[in-house]
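**Student:** sequence and predicted structure below; questions after.
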Amino acid sequence: MLRTHKLGEADRIITLLTRHHGRVRAVAKGIRRTTSRFGGRLEPCSYVEVQLAVGRSLDVITQVETRRPYAEAMYSDYRRYTTAAAMLETAERLTAEEREPATQQFLLLVAALRALAERRHDPGLILDSYLLRSLAVAGYAPSFDACARCGAPGPHRAFSPAAGGMTCATCRPAGAALPAPETVRLLAALLTGEWEVAEASEERHRREATGMVSAYLQWHLERSLRSLPHVERGFTPPNRPVGSSTEGMPNLERAMPSLQRPVHAAARGVSAG
């Protein structure tokens with residue numbers, strides 16, 4: 001569930017990201033009535049199975065079953081709620097064409113929401129990792145190793161969203177940022193799923209990385225996310241439930257196997273698979 005908005009006196013239009021059909025909009029009739037059989041199942045962040053009846057302009061939702069109640073976990077904590085809102089908005093923006101398959105975006109979003117709901121990592125790290133990976137899936141993988149312009153091996157000192165990541169001294173554009181080396185290592189770890197490296201990072205490097213991710217996202221989306229300024233930042237220790245079930249649910253690493261390789265390779269146009 002990505003978002004909802006009102007339709008008529010009692011209906012809602014529901015925007016969904018599906019595994020096989022990409023982004024889909026459908027009508028939930030009577031959902032705003034107290035007697036609705038859908039009730040609170042169709043809320044943003046919910047992971048559900050729906051049955052649709054094909055309509056002329058919009059499909060109609062006829063049946064809903066909850067797979068994972070992520071919405072409950074998000075709505076009970078403001079920081080997780082705002083983090084999830086930024087993820088949902090990003091997923092919708094990066095799947096602009098309706099009914100175009102977006103399986104990797106779907107798997108990535110489900111995995112990120114699960115990690116957020118179960119407090120697997122700090123919410124800020126999960127969000128920045130999700131934003132970098134979703135951009136990579138969409139074809140905008142940043143380079144944090146080789147020069148994004150000429151491919152010269154790094155490490156390099158300058159970062160430019162317009163150039164596509166880190167740049168060498170020769171290719172460095174005017175106004176490029178000069179992040180700390182620890183910040184660049186953190187960004188590379190978030191992109192490739194090296195959580196031990198990410199969780200060992202210092203708060204000041206996390207703040208710098210967040211600013212770089214936001215700038216990179218805004219450059220490629222050509223405008224900022226409405227939800228991103230409301231995200232509450234700060235350190236939250238991870239909580240890994242012992243013995244938690246993973247059946248049928250991709251984790252954040254398995255959802256993006258194609259990014260488990262040198263970052264500069266993806267930046268030079270290698271297929272994401």
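**Tutor:** Nice, I can see it.

**Student:** C-alpha from now on. contacts and neighbour counts both.
**Tutor:** OK.

**Student:** tell me the confidence at residue 159?
**Tutor:** For residue 159, the pLDDT comes out at 96.

**Student:** just confirm it is within a strand.
**Tutor:** Yes: checked against DSSP: H, G, I helix; E, B strand; the rest coil, residue 159 lies within a strand.

**Student:** for it, which non-adjacent residue is spatially closest?
**Tutor:** residue 166 (4.3 Å; C-alpha to C-alpha, 6 or more residues apart in numbering).

**Student:** how deep is that neighbour tucked in, by neighbour count?
**Tutor:** Neighbours of residue 166 under the rule other C-alpha atoms under 10 Å: 31.

**Student:** thought it was touching residue 147?
**Tutor:** Yes: the pair residue 166 / residue 147 is scored as a contact, 5.6 Å apart, by C-alpha atoms under 8 Å.

**Student:** overlap of the contact sets of the two?
**Tutor:** Residues touching both residue 166 and residue 147 (C-alpha atoms under 8 Å, 6 or more residues apart in numbering): residue 156.

**Student:** the residue nearest to residue 159 and residue 155, how far apart?
**Tutor:** Distance of residue 166 to residue 155, computed by C-alpha to C-alpha, to the nearest Å: 8 Å.

**Student:** identify the contacts common to the two.
**Tutor:** Both residue 166 and residue 155 are contacted by 144-146, under the criterion C-alpha under 8 Å, 6+ apart.

**Student:** which one (most neighbours) among the residues you listed?
**Tutor:** The residue in these with the most neighbours, by other C-alpha under 10 Å, is residue 144 (28 neighbours).

**Student:** which one is it nearest to, not counting chain neighbours?
**Tutor:** residue 166 (5.4 Å).
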